[in-house]
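**Q** have a look; sequence and predicted model below, questions after that.
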Amino acid sequence: MIKSGVGGGRTITGLRFEERISLKQIFSGMKRYEIKGEDVFFDNKKIATFYQKNKIYKNFLEPKGINYLNYISKKLLPDDAIFVMKENTLFIIEIKFQEVSGSVDEKLQTCDFKNKQYNKLFKPLNIKVKYCYVLNDWFKKQEYKDVLDYIKSVNCYYFFNEIPLDFLGLPNP
């Protein structure tokens, strides 16, 4: 499936999400991929590392001598994140699945601020950040058109139900 929910079908070109599934769980069932701790291997070669919530600080930034308070005033805790070494990019992945209207509507509008904060935080390491949402079909409704347009306009990304492996710069088994 590609951005804005078009295409996909039964191809294995993306990571398929369901409510409350982690990125790590998705990779653990994919051919030629292997998970060892928080690291992702493809054909026995390490290609990425997972970070959830506080682990982005404890396991990524602190060992590199980065104190987040020198760059941002409050921790941001991502649902999921994956650092893809080949791309030198940290992908922040927020999973938003809704069945009724609620607070997620407004949370989607915070992507610009959060993206800028993550970019400030990782700039000293020369690491690029891409902030993206995985949304369920609830957000395909016409009433979300403006917010989805906004997400794109501030250089953030969204996908419906899955993220294409090529977006992440990862090999397709």
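**A** That came through, no problem.
**Q** how about the helices in the protein?
**A** Under the criterion DSSP state H, the chain contains helices at 23-28, 55, 104-107, 111-122, 145-153, 165-168.
**Q** elements contacting the last one?
**A** So the one you mean is helix 165-168. Contact partners of helix 165-168 among helices and strands, from 3 or more Cβ pairs under 8 Å, 6 or more residues apart in numbering; DSSP states H and E: strand 14-16. Using the backbone N, CA and C atoms, a C-beta is placed for each residue, glycine as well.
**Q** ok, the fifth one next?
**A** Contact here means 3+ Cβ pairs under 8 Å, 6+ apart; on that basis helix 145-153 packs against strand 157-160.
**Q** okay, the strand it packs on in CSV with CA atoms only?
**A** Extracted C-alpha coordinates of strand 157-160, given in CSV (Å, rounded to 0.1, in the frame of the first residue of the first chain):
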residue,chain,number,x,y,z
TYR,A,157,3.9,11.2,6.3
TYR,A,158,0.9,9.0,6.7
PHE,A,159,0.0,5.5,5.5
PHE,A,160,-3.1,3.4,5.9
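**Q** that one pairs with which strands, and in what direction?
**A** strand 128-135 (parallel) (DSSP bridges).
**Q** could you check the strand it pairs with and say which residues are buried?
**A** Val129, Lys130, Tyr131, Cys132, Tyr133, Val134, Leu135 (16 or more other Cβ atoms under 10 Å).
**Q** stretch 58-69 now?
**A** Phe60, Leu61, Ile66, Tyr68.
**Q** now do it, average pLDDT.
**A** For stretch 58-69, the mean per-residue pLDDT is 96.
**Q** got it, and stretch 134-146?
**A** Mean pLDDT, stretch 134-146: 92.
**Q** renumber starting at 30 from here on
**A** Okay, residue one is now 30; in that scheme the one you just asked about reads as stretch 163-175.
**Q** what's the closest of the buried residues of strand 157-164 to Gln171?
**A** Nearest to Gln171, judged by Cβ to Cβ, of the buried residues of strand 157-164 is Leu164 at 14.5 Å.
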